[in-house]
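> Give me the fold of what follows.
(one chain, ligands or ions: 1)
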Amino acid sequence: MKSQKSLRRAVVLLIFMVAVSPMSPFRAMAREVSTDPATLKRLVQEAHAEFKDVKEGKPADYIPELAKVPPDLFGVVIVTAEGEIYTAGDVDHPFTIQSVSKPFTAALVMQEQGDEAIEEKIGVEPTGQKFNSILATQIIEDISANPLVNSGAIAAVSMVRAKSAGERFNKILKFDERLAGTKLNVIEEVYKSEAATNQRNRAHAYILEAEDRIYSDPIEAVDVYTRQCSIGVTAKQLAVMGATLANNGVNPITQEKVLDPNHVPKVLALMMMAGFYDESGEWAYTAGLPAKTGVGGGIVAVVPGKMAIVGFSPRVNDAGNSVRSAKAIEYIAQRLGANVFGG
Ligand code: GLU
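As a prediction, the model looks like this:
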């Protein structure tokens, strides 16, 4: 009787140990995100078909040139950490990267100066406010900011080491090109349009200057930031940039090591906490993936170690987030079981 009991206990203990071990088949079942080609191909096409007729939101028009982008454009892409590419819709149409550039410039600063520099000189707290909230910048001493809202992004640009604004912008562009594995160009009409209407960003820069939280000439920093936001990317190129993060800093197409792997979790943490601006909490709750949105209609989401999922659709909601892109990414992420929190 007694030996039967201890045998049962031994079996239970054995099962438990197998279940919790890193090699556990149960763990693999629970956490494994499929990269099966047929599944990824099908999900990208399904997500595109499912949401292509959604008309919610409208192209951002506070930058006049953005209002001219055809609103029906819609593309969905997955690029895996192995460099496999799956596409549906308008994935080769260049659009301005806008705020999706922000985590990549933060990554460049980390690469140059270590990730503590971002924490010390900008901050890493979500503001809970709109991306261009002057209030959030005004109370920066109390709650800090982060490099994914406008004030923190302008500060991040100002931190890039360079002797001139031209050199600073070229460093950012070259870094983005290495992440994308291809040459990129500024969409000049959007740059001019934003440069003529970015008084609000200049206000952020002056408030930062008053608080000693900007590290180059403030107006020069805004100009480089505006150029950075006007870099043109296609959904496919953006997905390669995201896949470089998914692949621990190595571009899966060119195999170039662009970013030290120890900075990748820091970049993804910023994206998780602030990538969707004042909808970041909801995005974490529903999709559970680090992601970054831009008012140009692009969103990149990263499944760490696995893939990037990108949507491009110019109609954005009040928070500045592309409606169809978010829906498509969430659709794919849910079916893949890609939520980083599990489930
Ligand atoms: N260039 C835009 C701005 O500064 C970026 C905003 C965004 O994409 O959210 O307002």
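> Going along the chain, name the helices of the stretch 51-200 of the chain.
Ranges of helices in the stretch 51-200 of the chain, per DSSP state H, counting those that start in this stretch, are 102-113, 115-121, 134-138, 140-143, 150-159, 165-180, 188-195, 199-210.
> So which of those helices is the most surrounded?
helix 150-159 (a mean of 29; mean count of other Cβ atoms under 10 Å). Where you see a C-beta, it was placed from the backbone N, CA and C, and this is true even at glycine.
> Output the contacting helices and strands for that helix.
helix 102-113, helix 115-121, helix 199-210, helix 218-229 (3 or more Cβ pairs under 8 Å, 6 or more residues apart in numbering; DSSP states H and E).
> Of the ones you listed, which is nearest G181?
G181 lies closest to helix 102-113 among these, at 13.3 Å (Cβ to Cβ).
> Can you pull the residues of the stretch 151-300 of the chain lying near the ligand?
E194, N201, C229, G294, V295 (Cβ under 6 Å from any ligand atom).
> Give me the three-state assignment for the residue lying closest to G288 once chain neighbours are set aside.
Excluding its sequence neighbours, the residue lying closest to G288 (Cβ to Cβ, 6 or more residues apart in numbering) is N339, at 3.3 Å. Here N339 is recorded as coil under DSSP: H, G, I helix; E, B strand; the rest coil.
> so what's N339 up against?
A287, G288, L289, A333 (Cβ atoms under 8 Å, 6 or more residues apart in numbering).
> I'd like these laid out as a markdown table, including neighbour count.
As requested, the contacts of N339 are exported to a markdown table (neighbours: other Cβ atoms under 10 Å):
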| residue | neighbour count |
| --- | --- |
| A287 | 23 |
| G288 | 19 |
| L289 | 26 |
| A333 | 23 |
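> Which two of those have the greatest separation?
So, those by Cβ to Cβ: farthest apart are G288 and A333, at 7.3 Å.
> S280: helix or strand, and which one exactly?
Element membership of S280, judged by DSSP states H and E, is helix 280-286.
> Please identify the pairing partners of the very next helix or strand once past that helix and their relative orientation?
Of the helices and strands lying after helix 280-286 in sequence (DSSP H and E), the nearest is strand 291-293. Sheet partners assigned to strand 291-293 using DSSP bridges are listed as strand 298-303 (antiparallel).
> Contacts for the strand it pairs with, please.
33, 95, 97-98, 100, 233, 235, 238-239, 241-242, 245-246, 268, 271, 287, 289-293, 308-312, 321-322, 325-326, 329, 333, 336, 338, 340.
> Apply 6 Å and report the result again.
33, 100, 238, 242, 245-246, 289-293, 308-312, 322, 325, 329, 338 (Cβ atoms under 6 Å, 6 or more residues apart in numbering).
> And those, which of them are buried?
Taking 16 or more other Cβ atoms under 10 Å as the criterion, what is buried in the contacts of strand 298-303 is 100, 238, 242, 245-246, 289-293, 308-312, 322, 325, 329, 338.
> So, low pLDDT: which residues of the stretch 101-250 of the chain?
Regions of the stretch 101-250 of the chain meeting the criterion pLDDT under 70 cover residues 141-143.
> Looking at it, which residue is nearest the ligand?
At 3.5 Å from the ligand, C229 is the closest residue in the stretch 101-250 of the chain, using Cβ to the nearest ligand atom.
> Now do the residue nearest to that residue when sequence neighbours are not counted: how many residues are near it, please.
Nearest residue to C229, sequence neighbours excluded (Cβ to Cβ, 6+ apart): Q98, at 4.8 Å. Neighbour count of Q98, defined by other Cβ atoms under 10 Å: 27.
> can you list the helices of the stretch 51-200 of the chain in TSV and add distance to P261?
Below are those laid out as TSV (distance: least, Cβ to Cβ, whole Å):
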stretch	distance to P261
helix 102-113	11
helix 115-121	12
helix 134-138	31
helix 140-143	30
helix 150-159	20
helix 165-180	14
helix 188-195	33
helix 199-210	31
